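1. Can you look at this prediction? I've put the sequence above it.
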2 protein chains.
Amino acid sequence: MTTQVSPGAGPAPEPPVGEPRWLDADEQRAWRAWLYSTQLLNDRLDRELMRATGIPHAYYEILVQLSETPERQMRMSELADRCLSSRSRLSHAVSRLEERGWVRRQECAEDGRGLLAVLTDEGFAALEAAAPIHVEGVRTHLFDQLSPQQVTAMRDLGETLLRHLDPG
Amino acid sequence: MTTQVSPGAGPAPEPPVGEPRWLDADEQRAWRAWLYSTQLLNDRLDRELMRATGIPHAYYEILVQLSETPERQMRMSELADRCLSSRSRLSHAVSRLEERGWVRRQECAEDGRGLLAVLTDEGFAALEAAAPIHVEGVRTHLFDQLSPQQVTAMRDLGETLLRHLDPG
DNA sequence: AGAGCGTAGTTGAGCGCTTGACTATTCCGC
DNA sequence: GCGGAATAGTCAAGCGCTCAACTACGCTCT
């Protein structure tokens, strides 16, 4: 779906330097399968979670990150990093979560510039309500479809790519 | 990142019916690696394409789909399906591509309700300019990072999930 | 023929994200 | 301790997407 414009495939004839390294037929197929499946899976999980709980997946992740911290609070920047989110995006998101009463901002003692995002009890309750929905989606659309070997391969793939994409 | 609220892991103690089937530690790890890596990869490819060409990946896909058709034209609905897009989304997107002069709408002879999206020469040129950027991104961030076995595993995973998610 | 239903596509409101500019605070070197 | 760079976070404009309502056409049954 996404790559070829020019030459039809063929067994990788070593393109001259500077020429695009087009995908061959097998690579195309692998790439499209990956692209479509990830897109469909994410859409599906996000949609189901949204329908059932009104929480978009991005917000759910914020709640999860906060809940996994001892004090249920975290610096805005660290939260943004963990959610693979820009600071701006996180700032907007926390504002909306604040409106729902699920998170509040609190000044940071050690750093006058900083703020802590704190998960409220209401926020934790919302997360507890949403978690079973979400895990059920992950089960039925992902793990239930895969053999143990495929799960291993998935983890291996993910971790390999992460080493390249997110060396941090 | 995303699932556990409640019990810490443990070797899958067969939850009672109705209880959430929580992920164990290995599953967590696999899930997070998958989720993060797909997110980072998509963000990266989209961003690079956008920066270099001004074309978001969703629009790029529309152009690709049209270009792969014999007449460089397709019914709106079919185009939406192939782009994993809602009709509404596609309609908006085609409107914007029309403003750029890359696509035009054309009445459909056989069905008075229908429209054809037609790729213009300018649109094709834009696609030809963008394709090398995109394929280079897919190479460097995906295929260059993976062994041949991993590529095979990736295709297998993708296709397995597609059979479940998109049985069409 | 025309009532009713299904299909094709569009539209507008509202939300979330991105970008880039902005404020406020801290850190660092002199 | 003071001036400048770096860091933390916010905000506004603009774009893209979703949802639900809407128009228009085709199909079928009577």
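-> Structure's in. What do you need?

2. max-length helix in chain A?
-> For chain A, the longest helix by residue count, based on DSSP state H, is helix A:25-53.

3. could you give the angle of that one to helix B:25-53?
-> 110 degrees (axes from the mean of the first three to the mean of the last three Cα atoms, to 10 degrees).

4. avg pLDDT for the next helix-or-strand element following helix A:25-53?
-> Per DSSP states H and E, the first helix or strand lying C-terminal to helix A:25-53 is helix A:57-67. Helix A:57-67 shows an average pLDDT of 98 in the prediction.

5. what's in contact with helix A:57-67?
-> A:42, A:45-46, A:49-50, A:55, A:72-74, A:79, A:82-83, A:85, A:89-90, A:93-94, A:96-97, A:102-103, A:117-119, A:123-124, A:126-127, A:130, A:134, B:1-5 (Cβ atoms under 8 Å, 6 or more residues apart in numbering or on different chains). Every residue, glycine included, has its C-beta placed from N, CA and C.

6. Can you confirm whether that helix lies near DNA strand C?
-> Yes. Legend: contact between helix A:57-67 and DNA strand C by Cβ under 7 Å from any atom of the strand is shown at A:A58.

7. my guess is A:L115 contacts A:R105, does it?
-> Yes. Contact criterion Cβ atoms under 8 Å: A:L115 and A:R105 qualify, at 5.0 Å.

8. Could you pull out the strands in chain A for me?
-> Ranges of strands in chain A, per DSSP state E, are A:73-75, A:103-107, A:115-119.

9. Spit out the contact partners of the residue nearest to A:Q106 when sequence neighbours are not counted.
-> Once flanking residues are discounted, A:Q106 sits nearest to A:L116: 4.6 Å by Cβ to Cβ, 6 or more residues apart in numbering or on different chains. A:L116 sits next to A:73-76, A:105-108 when contact means Cβ under 8 Å, 6+ apart.

10. Can you check the pLDDT for the closest residue to A:E159 other than its chain neighbours?
-> In space, A:E159 comes closest to B:A33 once its chain neighbours are excluded; the distance is 4.8 Å by Cβ to Cβ, 6+ apart. Listed pLDDT for B:A33 reads 97.

11. Fine by me, we can end here.
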